[in-house]
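Participant: I would like the atomic coordinates for the input below:
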Amino acid sequence: MNIYLWLKAFHLISLIAWFAGIFYLPRLFVYHAAAEDQISKDRFKVMEIKLLRIIMNPAMILTVVLGIWMLVVNWAALSGQTWIWVKIALVLGLVGYQHFCLKITKAFARDETPYSEKFFRLFNEIPVLILVPVVLLAIIKPF
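Facilitator: Here you go, the predicted structure:
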């Protein structure tokens, strides 16, 4: 069997899990920023940290590790293609986005609301702006 296809399949599975969290966590931030009672705020704190620790961090790590493994297996074919470098830069941006989400989660855990509900509504859209070109680059390989 072709190891590359197995790596690609599990890379895609971990990517889907990662994006489930990446899409959901900023939505929780919207609700958390709008919450007025302490019971709701405490509930959001638990949801946010569990989502990060149990789903997002493992999925991010697995996605990145499998992506690197696929690069290593197919380095000769990929290293000279511009699209893969753009994709890598976008994925690094997404890793940075998740780390920024961690910073926000820690602020909420301290009962601080670092940004407005409106900010979080816009912040929630950033992953889509990364996902679309990443998928297009991986499928179409335009350059």
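
Participant: before we move on, which element is Met70 in?
Facilitator: helix 57-73 (DSSP states H and E).

Participant: report the buried residues of that helix.
Facilitator: Buried residues in helix 57-73, counted by 16 or more other Cβ atoms under 10 Å: 59-60, 62-64, 66-67, 70. To be clear about C-beta, it is placed using only N, CA and C from the backbone, and glycine gets the same treatment.

Participant: what do you get for stretch 131-143?
Facilitator: By 16+ other Cβ under 10 Å, the buried positions in stretch 131-143 come out as 131, 134, 137.

Participant: got it, and stretch 12-26?
Facilitator: Residues 14-15, 17-19, 21-22, 24-26 are the ones in stretch 12-26 that count as buried (16+ other Cβ under 10 Å).

Participant: from the chain's centre, how far out does it sit?
Facilitator: How far stretch 12-26 lies from its chain's middle: 6 Å, per Cα atoms, centre = their mean, to the nearest Å.

Participant: just give me the residue right at the centre of the protein.
Facilitator: Nearest residue to the geometric centre of the chain (Cα atoms, centre = their mean): Ile22, 4.5 Å.

Participant: just to check, that one is in contact with Pro127?
Facilitator: Yes. Judged on Cβ atoms under 8 Å, Ile22 makes contact with Pro127 at a distance of 4.6 Å.

Participant: any shared contact partners between those two?
Facilitator: Common contacts of Ile22 and Pro127 (Cβ atoms under 8 Å, 6 or more residues apart in numbering): 94, 97.

Participant: what pLDDT does the model give Met1?
Facilitator: Looking at Met1, its pLDDT is 70.

Participant: repeat for the one 10 residues further on
Facilitator: The pLDDT attached to His11 in the predicted structure is 98.

Participant: quick one: the helices in the chain, in order.
Facilitator: Here the chain has its helices, by DSSP state H, at 3-34, 38-50, 57-73, 75-78, 82-109, 117-123, 126-140.
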